Structures are given as C-alpha cells and as structure tokens.
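A.B. asks: kindly generate the corresponding structure for this input.
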Amino acid sequence: MPLSPPPGFRGVFRTDDGARAVYSEAAGIARVLPRAVAVPSNEADVAALVRWARESSTPLIPRGSGSSMPGGAVGDGVILDLSRLRDIESVSVAERAIVVQPGVLRAEVNQAVAAHGLRFPVDPSSGAFCTVGGMVSTNAAGSHSLAFGATRPWVRSLRCVFDDGTIALVRRGIEPPRHVPAIERFLSGAHPAIVAAEEVDRARHRGVRKESSGYATFEYARSYDLVDLLVGSEGTLAIIVGVELSLTTTAEATSSVLGAFASLERAVDAAVRARESGAVACELLDRTFLDVARAGGTHDVPADAEAVLLAEVEGQSASQAADAAREIASLFERAGATIVRVALDEPTETELWELRHAASPILSRLDPSLRSMQFIEDGAVPPDRLADYVRGVRESLARNGIRGVIFGHAGDAHVHVNPLIDVAIADWRDRVGRILDEVTTLVSSLGGTLTGEHGDGRLRTPLLERVWSDEVRERFALVKRCFDPTGIFNPGVKVPSRGERALGEIKYDPSLAPLPAAARAALARVERERAYARSRLELLDEASLE
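C.D. replies: The predicted structure is shown next:
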C-alpha cells in the first residue's frame, strides 16, 4: 500500500514508480528502490517527516546531490532529498564564517565569499556539485587535505532535527542542548563509557591521515564537542538542516610540479618529502592510470613511468610560490624522478593538471560492456605502506582478470580505484566479490581504513568488523542506540543491519529488471552530464516529455 504524506508536510512527497526509480541510484554501484521520495521545503517539513517516521517506524535516507559512492544515499525507506534547501543565510567576513542550508553546493559557498578574499578550502573532486550537507555527513576531504584537512575541523555548528522531531543548534565550545532527549541519552548513557574506552582502545587507525569510517568517538573523547561526533555520521544520528563553516583566506599565488618515477617506492618517498616541505596537494597517478591516459591519446605521459606525482604549493606572492615549487622539484629529483616539470603560471598549471583529469572522459569512451565500478575506491593506509597497498591492489585486479585505474592522494596515502568490469562475463559478480574481499584483507593487514573520505555507506558497513575491533564497533553501536533508538535514520549505515551484505543489487547488472524509461533516461543524463546538482524530479519530468 503506497505511503501517504506525513501530516503537516508541505513539500513534495511522491510514491510513483518513476520518482522512486530516479532515486534508486546514486554515484556508486548500488541500486535500492525506495518506498517514497520526500523533498522538504523547509526545516519544519523535515521535523514533520521525522516525527511521522518515528511514529510509523519508516526509515529515512537523507541525501544531497547523490554524488556519494558507497551507497549511503540509497535505501529501503523514504528518500529525504535535502538538496533543495539552498539558502545561504549569512556571511561574516570578520569571523570568517558562513551559515548555509545543507543543499548549498560547495562551489556556491566559495562563490559567495570569494569577493571577500575568503574560501572554504576542503575540495572533493565533486566540489562543483556536491552539497555542504553531504560533505559534513561523510567528513569529505579532497586533494588539498594535506594543508587543510577534512571537513570536520571546519564545522563550527550544526542545526539538526533529532529523532523526536526536536530542532536544536549544536555549537563548538558551548554546552550541548540537553533538553533534546537524544542528546541527554547520549551524555548520560554513552559519554562516560566512550571517554573511558578511548583511553584504553582508541577508535583510530594509527598513522592513517584520512578517516571517515565509523563514528568519530576518538575525536569526541578529545574535544567533548558533539559537532565532532555528528560530522561524518552519514545521516544516521540526526538530520542536518543548517551548517556553519569556518573560512580561510584565498591563496595569493600557486605553482605546480609534475614528477615521473620509475618505481612506486621512489614516488612514495617523494610524496612524503613534498608533504613535509609544505605542498598543499600531492596526487598519485599510478601506472594503471597512465596506461589509460596514454591509450586515450594523452601523449604527454612518460613511457616508462611507474607513477607520476602532481604537487601544488601556495604562496603570498608569485615569487614565493615559484620558490616553493622549485624546492619541490628539487626534492623530486633527489628522490629519483626521471622527469620533472614546473608550472609557474595559471595556464601552464592548468595544462599540467589536465593529466589528472584525463582518465574519466577516456573511461566513458571504452567498450560499452566495461563498467567503471567503484567498490574498492576509498582505502587509506599509513604513508609508509602506500606502495604495498597499490601493489596489492594491482595484484588482486590481475589475479581476477580485471583491468583497473588507480590514482589518489599520495601525500595522505589515500587511493581511489576504478575496476573496469565486463558485465558480459558470466562470473563478473564473483570476480567483484573476490576483489572486494582481497582488498579488504589487504587494507586490514596494512593497518589501514576502508574509508578515507567517502563514508561507509551500505557497501563498507558490513565489512567494518574486519578493520575495527569488537570493542570499537560496540562503541559505535552505543552511539547509534542513544541518538536513534528506533532505527529510523539511515539504517544499515555505520552499524550493520542483520543479514546485510556489502554487495546487494548492482545497478550495472544486466539481469536486473529495467527501470521506467524516463527514470533511466534521467539517471543516464546525470551520469553523462555530471548533473548531480539538478533536481532528479525535474530531470524525470523533462525526460517524460521527450
């Protein structure tokens, strides 16, 4: 029986097949058909929806642009599309802060403050279309996390709807609002246990520089700030309806350096040196990436390179940035680079970084039966184990007869992987499962995390037992029970549901029942045009008219 709109809900609420289908997929590999779609018009709508969900035991799956990879933005429940809450509420130049609703795009934040010489420096590759709410929910990072870290430390306050529909502001350095039942339950029932446990068995992977897995109980035990716990919680503890971000000044000048290396070990050594020398970004392009770029007609790729590093530096002046780039170039040479190129002006920098962006359009032009499936796409390890990790991923792909593209944030030892799967092969799902299992074992053996910056989602949550201890995972479960005792907020993410599997329905599976034609066309347009910031319902309506 179709669900009815909640009492007092004034936004869009749809249960038709097309609306459900167009929200059944996000940027990752999963497909889960929701029960309904709700697009609130304001925070009062969100509160009404939460109260109704609690009374009716209906799961809510919050999402922004749907650009997330690990499946946290799809699920069996009501999709809560927060991407239309788009107001920029205030900008304080004096305090270097901005207050926005969760659906504001990261790019829009920087557009709003650029004239004041300010920026929000966290820069995921999806920055043109990802929402601030999504970034906060996953503790997103990006290529410049070497200098600026991930999202968490940049969040000053969060305005949230908690499980009983209460709306409250949680701010750093201020006593939390104990009148909220969820917060009182946590402070009285979990805070002492978490603080004590973190003294004995810290919920962190030692040496790993980027982490968005589990709940940030380690950070919370150091700060006692609930903001730290809510950031990265992937919509499982509360619904975010407002965000206050800190800002920093824009860079006066930048320069960039490319280094080609004949071995992974030399590239890793150079990346560590670049980080220690003040590089704000240092990206790794593995041989697998370079092979694809070369095959696609990108000729400016060293023929014998095992890996390429792209580094960026900032300065208060062009001459200062140039000096810093020359220092990086020199250390690349000392680390054994066979080719070093320096870019000291914007056009040359853009040309240099075009190599980093070459693979995606090339992958889109490959054999239509090959699907780029991101299911081992977010591993991070201690920096001294990066070469072992990249080599291990290569070996797993080769052992299973799968081609793949490996790249990522070398300075943080954080790697993204695009396995290319031929869905015409009868055992393709078996191969995907084996690769996921082998790479999970590899990450665990190297002391790493499965989730550097994209969140656990439904893909990695069932695997957390392999990278977190029983004690740490019980800590995560305690947090979830306090904030969401009825389990309405994104169930199956962060804390696994019974019987949950890492690989459910994969949207590329040719044996799946087809989605309605208009929904399929709308989703294809999102993927083809990178139109994640567009309303899915608007795209659906446009496709229906064609």
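A.B. asks: any weak-confidence spans in the chain?
C.D. replies: Within the chain, the stretches with pLDDT under 70 are 1, 296-301, 359-361, 364-366.
A.B. asks: how does it divide into domains?
C.D. replies: According to automatic domain parsing, the chain comprises the domains 88-249, 253-361, 365-452.
A.B. asks: so how far is residue 468 from the residue nearest to the spatial centre of the chain?
C.D. replies: Residue closest to the average C-alpha location in the chain (Cα atoms, centre = their mean): residue 454, at 2.4 Å. Using Cβ to Cβ, to the nearest Å, residue 454 is found at 17 Å from residue 468. Any C-beta I mention is one placed from the backbone N, CA and C, and that applies to glycine too.
A.B. asks: and the closest residue to residue 323 other than its chain neighbours, what does it touch?
C.D. replies: Sequence neighbours aside, residue 315 is the residue nearest to residue 323 in space, at 7.4 Å (criterion: Cβ to Cβ, 6 or more residues apart in numbering). Contact analysis of residue 315 by Cβ atoms under 8 Å, 6 or more residues apart in numbering lists 251-255, 321-324.
A.B. asks: in strands, which of those residues appear?
C.D. replies: Under the assignment DSSP state E, these contribute 253-255 to strands.
A.B. asks: what about the helices in the stretch 301-450 of the chain?
C.D. replies: 318-334, 346-353, 359-364, 386-399, 428-445 (DSSP state H, counting those that start in this stretch).
A.B. asks: surely residue 143 touches residue 281?
C.D. replies: Yes: counting by Cβ atoms under 8 Å, residue 143 does reach residue 281; the two are 4.4 Å apart.
A.B. asks: which of the two has more neighbours?
C.D. replies: Remark: of residue 143 and residue 281, residue 281 carries more neighbours, 27 against 23, as counted by other Cβ atoms under 10 Å.
A.B. asks: what's the distance between residue 33 and residue 24?
C.D. replies: 5 Å.
A.B. asks: one more: residue 261?
C.D. replies: 43 Å.
A.B. asks: repeat for residue 541
C.D. replies: In terms of Cβ to Cβ, residue 541 sits 17 Å off from residue 24.
A.B. asks: ok, residue 431 next?
C.D. replies: For residue 431 relative to residue 24 (Cβ to Cβ), the value is 24 Å.
A.B. asks: the more surrounded of the two?
C.D. replies: residue 24 (21 against 18).
A.B. asks: re earlier: who wins on neighbours among the contacts of residue 315?
C.D. replies: That'd be residue 255 among the contacts of residue 315, by other Cβ under 10 Å, with 28 neighbours.
A.B. asks: name whatever forms a beta bridge with it.
C.D. replies: On the basis of DSSP bridges, residue 255 is bridged to residue 313.
A.B. asks: quick check: it touching residue 324?
C.D. replies: Yes: contact criterion Cβ under 8 Å: residue 255 and residue 324 qualify, at 6.7 Å.
A.B. asks: hang on, the earlier thing: ranking the helices of the stretch 301-450 of the chain by burial, who's on top?
C.D. replies: helix 386-399 (a mean of 20; mean count of other Cβ atoms under 10 Å).
A.B. asks: what residues are up against residue 93?
C.D. replies: Residue 93 neighbours (Cβ under 8 Å, 6+ apart): 116, 118.
A.B. asks: do you know how far it is from residue 113?
C.D. replies: 8 Å.
A.B. asks: swap in residue 204?
C.D. replies: 32 Å.
A.B. asks: hey, what's in contact with both of residue 255 and residue 324?
C.D. replies: 313, 315.
A.B. asks: returning to what we had before: which among the helices of the stretch 301-450 of the chain is found nearest to residue 537?
C.D. replies: helix 359-364 (25.4 Å; Cβ to Cβ).
A.B. asks: ok, residue 204 and residue 113, which is more surrounded?
C.D. replies: Counted by other Cβ under 10 Å, residue 204 and residue 113 do not tie: residue 113 has more neighbours, with 23 against 17.
A.B. asks: for residue 38, which three-state class applies?
C.D. replies: Under DSSP: H, G, I helix; E, B strand; the rest coil, residue 38 falls in the strand class.
A.B. asks: and it, how far from residue 176?
C.D. replies: 28 Å.
A.B. asks: what sits against residue 343?
C.D. replies: Taking Cβ under 8 Å, 6+ apart, one finds 255-258, 325, 349, 351-352 in contact with residue 343.
A.B. asks: columns distance to residue 520 on top of the residues you listed, output as JSON lines?
C.D. replies: Listed next are the contacts of residue 343 as JSON lines, based on distance: Cβ to Cβ, whole Å:
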{"residue": "255", "distance to residue 520": "45"}
{"residue": "256", "distance to residue 520": "40"}
{"residue": "257", "distance to residue 520": "44"}
{"residue": "258", "distance to residue 520": "40"}
{"residue": "325", "distance to residue 520": "47"}
{"residue": "349", "distance to residue 520": "39"}
{"residue": "351", "distance to residue 520": "37"}
{"residue": "352", "distance to residue 520": "38"}
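A.B. asks: now for those residues, which pair is the farthest apart?
C.D. replies: Checking the contacts of residue 343 with Cβ to Cβ, the most distant pair is 325 and 351, at 14.7 Å.
A.B. asks: picking up where we left off before, tabulate the ones in strands among the contacts of residue 315 (CSV), appending distance to residue 395.
C.D. replies: Putting the ones in strands among the contacts of residue 315 into CSV (distance: Cβ to Cβ, whole Å) gives the following:
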residue, distance to residue 395
253, 42
254, 36
255, 36
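A.B. asks: show me where the stretch 51-200 of the chain has helices.
C.D. replies: According to DSSP H, counting those that start in this stretch, the helices that the stretch 51-200 of the chain contains are 106-113, 132-138, 145-148, 181-189, 191-200.
A.B. asks: ok, residue 73 to residue 214 distance?
C.D. replies: Remark: distance between residue 73 and residue 214 (Cβ to Cβ) = 18 Å.
A.B. asks: more neighbours, the two?
C.D. replies: residue 73 (33 against 27).
A.B. asks: which non-adjacent residue is nearest that one?
C.D. replies: Per Cβ to Cβ, 6+ apart, closest to residue 73 is residue 63, 3.7 Å.
A.B. asks: residues touching the one you found, list them.
C.D. replies: If you count contacts by Cβ under 8 Å, 6+ apart, then residue 63 has 23, 26, 72-74, 79-83, 134, 235 around it.
A.B. asks: list just the nearest of the residues you listed to residue 406.
C.D. replies: Nearest to residue 406 among the contacts of residue 63, with distances taken as Cβ to Cβ, is residue 26, at 22.6 Å.
A.B. asks: all set, thanks.
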